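> predicted model follows, preceded by the sequence.
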Amino acid sequence: MIDIKKAKKTFEKYVKKYDMTNPNIKKKYYHSFRVSEMCGELATALHLDEEYTNLAMLIGLLHDIGRFEQIKLYNTFDDLKSIDHGGLGVELLFDKGLIRDYIKTDEYDEIIKKTIYNHNKIAIPDTYNSNETLFSKIIRDADKIDIFRIKSEAGIHKFEDEAISEGVVDCIINRSPIDLKMKKTPLDEILVTIGFLYDINFVYSYEIIRRENYLNLLFESLELKEDKSIKIFNYIEQFLNNNFDILR
């Protein structure tokens with residue numbers, strides 16, 4: 001049996017070993033709890049039983065555990081400039097043995113290991129079994145929903161550089177997720193978030209994005225000055241409105 005309340009207390013104690021005055025540490029601390037709750041909400045919507053719901057919440061709680069060590073060692077959340085935080089999380093939990101602080105049984109180790117490792121990758125491997133795939137879909141959706149929330153509630157986005165990489169726009173128009181390696185500019189980062197729409201797994205997840213108006217709020221928060229970037233984002237906004245009936 002998974003004691004999610006105890007796991008949350010253990011996680012809280014673990015994170016407080018890091019510098020809680022660092023705003024990046026705080027951001028990931030609160031993000032982890034929100035994603036855990038969102039995993040629980042998605043699991044409930046999918047009619048999973050209590051044990052599987054708690055497992056989903058545990059995965060959500062621990063999915064970014066590698067972020068704290070990443071910011072401590074490299075002072076960045078950019079995996080391409082430092083280390084893959086999904087892989088680092090697996091190393092901390094399983095190679096260093098931290099997972100037993102959160103769950104005594106090893107019954108779900110493969111699910112936890114694979115979902116945390118994969119949560120930040122471009123796609124779920126075909127080699128995952130049905131449960132590994134299910135929980136991967138849950139954590140990937142929950143993580144993306146909270147990133148949408150963060151971006152849409154961050155206030156006005158201003159950009160000194162309004163360059164947009166052509167390949168990133170092509171991914172949006174071609175309805176494919178954007179590989180993070182393609183991200184080169186601040187506006188690319190916004191487009192990566194928008195591109196999450198092509199990697200959402202559950203209807204209920206789309207309903208949350210629509211209910212909270214995250215996509216429209218994100219577009220409204222962009223303060224663009226250059227004609228080219230304005231035209232591109234206007235086109236993308238219209239394209240998405242025409243192609244995502246579920247978000248209306």
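Nice, I can see it.
> now the strands for this protein?
157-158, 222-223 (DSSP state E).
> and those strands as TSV, adding distance to T44, mean pLDDT and mean neighbour count?
Glycine gets a C-beta too; all of them are placed from N, C-alpha and C. Formatted as TSV, those follow (distance: least, Cβ to Cβ, whole Å; pLDDT from 0 to 100; neighbours: other Cβ atoms under 10 Å):
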stretch	distance to T44	mean pLDDT	mean neighbour count
strand 157-158	33	84	14
strand 222-223	34	90	14
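> how long is stretch 6-24 end to end?
Using Cα to Cα, to the nearest Å, the end-to-end distance of stretch 6-24 comes out at 24 Å.
> who touches that stretch?
Identification of contacts with stretch 6-24 by Cβ atoms under 8 Å, 6 or more residues apart in numbering yields 25-26, 29, 32-33, 36, 58, 61-62, 65, 68, 71-72, 77, 98, 101-103.
> quick revisit: in JSON lines: the strands of the chain, plus distance to E237.
Listed next are the strands of the chain as JSON lines, based on distance: least, Cβ to Cβ, whole Å:
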{"stretch": "strand 157-158", "distance to E237": "14"}
{"stretch": "strand 222-223", "distance to E237": "10"}
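> let's see which of the contacts of stretch 6-24 end up in helices.
Judged by DSSP state H, the contacts of stretch 6-24 include 25-26, 29, 32-33, 36, 58, 61-62, 65, 68, 71-72 as members of helices.
> could you pull out the helices for this protein?
Under DSSP H, the chain gives helices at 4-15, 23-45, 50-62, 65-74, 85-90, 109-118, 130-152, 166-173, 186-195, 203-211, 214-220, 227-243.
> now tabulate those helices in JSON lines and tack on mean pLDDT and mean neighbour count.
Below are the helices of the chain laid out as JSON lines (pLDDT from 0 to 100; neighbours: other Cβ atoms under 10 Å):
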{"stretch": "helix 4-15", "mean pLDDT": "98", "mean neighbour count": "15"}
{"stretch": "helix 23-45", "mean pLDDT": "98", "mean neighbour count": "19"}
{"stretch": "helix 50-62", "mean pLDDT": "99", "mean neighbour count": "23"}
{"stretch": "helix 65-74", "mean pLDDT": "98", "mean neighbour count": "20"}
{"stretch": "helix 85-90", "mean pLDDT": "98", "mean neighbour count": "22"}
{"stretch": "helix 109-118", "mean pLDDT": "99", "mean neighbour count": "22"}
{"stretch": "helix 130-152", "mean pLDDT": "97", "mean neighbour count": "21"}
{"stretch": "helix 166-173", "mean pLDDT": "87", "mean neighbour count": "16"}
{"stretch": "helix 186-195", "mean pLDDT": "90", "mean neighbour count": "20"}
{"stretch": "helix 203-211", "mean pLDDT": "93", "mean neighbour count": "16"}
{"stretch": "helix 214-220", "mean pLDDT": "90", "mean neighbour count": "18"}
{"stretch": "helix 227-243", "mean pLDDT": "85", "mean neighbour count": "14"}
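> if anything else comes up later, I'll come back, but that's it for now.
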